[in-house]
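K.L.:
Return atomic coordinates for the entry below.
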Amino acid sequence: MQLVTTERIRPHVSIVRLDRQHRRNAMSFELMTELEEAFETVAADNDCWVVILTGQGAGFCSGLDLEDPGVIPGIEELPLSRIGPIAMGHFSKIVPIMRDVPQPIIAAVNGAAFGGGLCLSLGADVRYAAESARFNATGIVNGLCSTELGASWLLPRLVGASRSSELLLTGREIDAREAERIGLVSGVLPDPDLLDHCVGVAEEMCRFSAFGLQMTKQVIWDNLETNSLRAAIDLEDKSQLLLGNTENLIECVTARKEGRVPVYTDMPRTDIAEAVRAAFEGESKVPKY
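P.N.:
Predicted coordinates:
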């Protein structure tokens, strides 16, 4: 039985669905293995520009399955002291994997996002919630700690230190409207409209340059870890120069003059390519900007 499915739902838009409906899409070792593989698949798909992550049925992800977590992979002949870190890492590596997916990830939070499910939503680049969505940090409620899967790093950056600490320390459940008010999600939709809305946002993104989307995501994540304004601007400048060396900006200006929608190809600027070729051939040509 497949626990995670991947589908091309629109041109350039893929949807990744958690599918353990009988357990409200709770995290098992098998589900996390398939989720990692699904993200690897979409990351390698050059025709996919935006990814939507959601849960099948009435829940997004209810966190770790405490009753039926499945079998820990890759622990044959290991002593007990080495099994714990492997088991923990099998879950905690998912958010860095989401970060490394080049395409923007939109989380369509349809129902419960508890514990690890909350963390999955934090690992997305954009979050929208159904009216039925609920969020909480479950670890503290279960006698553990709520700092898991990157939550202690991501949540303060999304909602601020005080709100983040309150949610992580109390395990308080919040609804979709409060999540929107504190900035955890970008919008709340009626349940039947959630996925269509997220697909619409994804299609709007696909009007732009695929390279531009990927570089914007990369810079946002990199600069979350940068504590220097100068370093952040330097990275922005380098990324902008990469895009500036494509035909995209020229196409944008031309399309505006012609009253049409621009079509971005991310191809290198032909005048620069010609200048480089001429330099190798001993001619002197300077590209016109």
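
K.L.:
Who does residue 8 form a beta bridge with?
P.N.:
Beta-bridge partners for residue 8, by DSSP bridges, are residue 14.

K.L.:
quick one: it and residue 51 touch, right?
P.N.:
No - taking contacts as CB atoms under 8 Å, residue 8 lies outside contact range of residue 51: 10.7 Å. C-beta coordinates here come from the backbone N, C-alpha and C atoms, glycine included.

K.L.:
Which parts of this structure are strands?
P.N.:
4-10, 13-18, 50-55, 105-109, 112-114, 126-130, 134-136, 174-175, 188-189 (DSSP state E).

K.L.:
Format the ones you listed as CSV; extra columns: distance to residue 98.
P.N.:
CSV is the format used below for those (distance: least, CB to CB, whole Å):
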stretch, distance to residue 98
strand 4-10, 13
strand 13-18, 10
strand 50-55, 8
strand 105-109, 6
strand 112-114, 14
strand 126-130, 12
strand 134-136, 17
strand 174-175, 22
strand 188-189, 22
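
K.L.:
Any chance you could list what contacts stretch 190-207?
P.N.:
By CB atoms under 8 Å, 6 or more residues apart in numbering, the list of residues contacting stretch 190-207 from outside reads 9-13, 15, 49-50, 52, 54, 104, 106, 108-110, 126, 128-132, 187, 189, 213, 261.

K.L.:
Which positions in that stretch come out as buried?
P.N.:
For stretch 190-207, a neighbour-count test (16 or more other CB atoms under 10 Å) marks 194-195, 197-199, 201-203, 205-206 as buried.

K.L.:
Inside helices: which ones of these?
P.N.:
Among the buried residues of stretch 190-207, DSSP state H puts 194-195, 197-199, 201-203, 205 in helices.

K.L.:
what's near enough to touch residue 165?
P.N.:
By CB under 8 Å, 6+ apart, the contact set of residue 165 is residue 156.

K.L.:
ok, so what distance separates it from residue 115?
P.N.:
Between residue 165 and residue 115 the computed distance is 17 Å (CB to CB, to the nearest Å).

K.L.:
Got the domain ranges for this protein?
P.N.:
For the chain, automatic domain parsing gives the domain ranges 4-205, 210-280.

K.L.:
what about the nearest residue to residue 138 once chain neighbours are set aside, how many neighbours?
P.N.:
Closest residue to residue 138 apart from its sequence neighbours, by CB to CB, 6 or more residues apart in numbering: residue 115 at 3.4 Å. Neighbours of residue 115 under the rule other CB atoms under 10 Å: 29.

K.L.:
hang on, residue 133 packs against residue 114?
P.N.:
No - Residue 133 lies out of contact with residue 114 (CB under 8 Å); the separation is 10.6 Å.

K.L.:
Report pLDDT for the residue nearest to residue 138.
P.N.:
Listed pLDDT for residue 115 reads 96.

K.L.:
thought it was touching residue 140?
P.N.:
No - the pair residue 115 / residue 140 is not scored as a contact, 9.7 Å apart, by CB under 8 Å.
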